[in-house]
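# Can you look at this prediction? I've put the sequence above it.
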Number of protein chains: 2
Amino acid sequence: MAVTLLETTVSDACCAPTSSREPLGASQADSLAHALKAIADPTRLRLVSIIAASTEGEVCVCDLTDPVGLSQPTVSHHLKVLVDAGILSREKRGTWAYYSLVPGGLSSLATQVAGV
Amino acid sequence: MAVTLLETTVSDACCAPTSSREPLGASQADSLAHALKAIADPTRLRLVSIIAASTEGEVCVCDLTDPVGLSQPTVSHHLKVLVDAGILSREKRGTWAYYSLVPGGLSSLATQVAGV
DNA sequence: AGCGAACATCGACGGTTGTCAATGTCTATG
DNA sequence: CATAGACATTGACAACCGTCGATGTTCGCT
């Protein structure tokens, strides 16, 4: 799948503080909505937040199930959604899978939201 | 309902460029997710975009149905979701209803997203 | 080789969501 | 007052989503 989150597309690096110029097309709206749906969920927001707040910058699944109070398959499912959206990255090391933030992921999303 | 979008809550005005310090609680995640769900939809993103790109800053429903290609009740439903989320505001003038952007709405959301 | 631990995948179930047609409400106008 | 127009609300339906238990897969250890 891979959601192609970081299009930033239309190029021009101009800085419009609040609104923009022309309405975004159907395909742009689709991809942005798809990325936003990834974080428009309380559990996934908490997962991202926990990982972002960790000192190591990466957290394994076994340390995520307890804080959110959900089953391991459910947490695994949410993490997959976040990885597909380009917000998290997964690195398997031994038996464990470590999840970390993709550097520009969240801020890119935030920028697109602010730019309508 | 009213989603209470602009909490900005935890107060401290410190500026962490990318990540944050402590994971957000369940209630904060709930309200943020609720606000994000409002714009995590292609149609609603396009509606907001059209309104933001309008020169007058406000658009009536009759001028929104055609661009998105949906029925009037459906557009009305989406607009209500956006108003409840604190992103749009509604002003009825005569027979028409004019929708416009709430000034800090989108940027507040973007800020919260960037701050995990 | 065999076993256990960590994680992913599958199948299923209930709740939510986007959409429409039909109807209701209000306003301006003849 | 009656009529038409602009918008909101309702009810219904299909599609999607979050969750779980069960199972599969891979790795490390004895």
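Perfect, thanks for sending it.
# who touches the helix or strand hosting residue A:27?
Using DSSP states H and E, residue A:27 sits within helix A:26-39. Residues external to helix A:26-39 that are found in contact with it (Cβ atoms under 8 Å, 6 or more residues apart in numbering or on different chains): A:3-5, A:7, A:9, A:24, A:44-45, A:48, A:81-82, A:84-87, A:106, A:109, A:112-113, B:33, B:36-37, B:39-46, B:49, B:113. To be clear about C-beta, it is placed using only N, CA and C from the backbone, and glycine gets the same treatment.
# And for stretch A:55-71?
A:43, A:46-47, A:50-51, A:72, A:75-76, A:79, A:91, A:96-101, B:23.
# And it, end to end?
End-to-end distance for stretch A:55-71, by Cα to Cα, to the nearest Å: 24 Å.
# Write the PyMOL selection for whichever of the contacts of helix A:26-39 are buried.
The PyMOL selection below is limited to those of the contacts of helix A:26-39 classed as buried (16 or more other Cβ atoms under 10 Å in any protein chain shown):
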select buried, (chain A and resi 3+5+24+44+45+48+81+82+84+85+86+87+106+109+112+113) or (chain B and resi 33+36+37+39+40+41+42+43+44+45+46+49+113)
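# Which members of the contacts of helix A:26-39 additionally contact DNA strand C?
For DNA strand C, the contacts drawn from the contacts of helix A:26-39 by Cβ under 7 Å from any atom of the strand are B:37, B:41, B:43.
# quick one: the strand or helix carrying the last one to helix B:26-39, angle?
Take DSSP H and E as the rule and residue B:43 turns out to sit in helix B:42-53. Orientation note: helix B:42-53 sits at an angle of 80 degrees relative to helix B:26-39 (axes from the mean of the first three to the mean of the last three Cα atoms, to 10 degrees).
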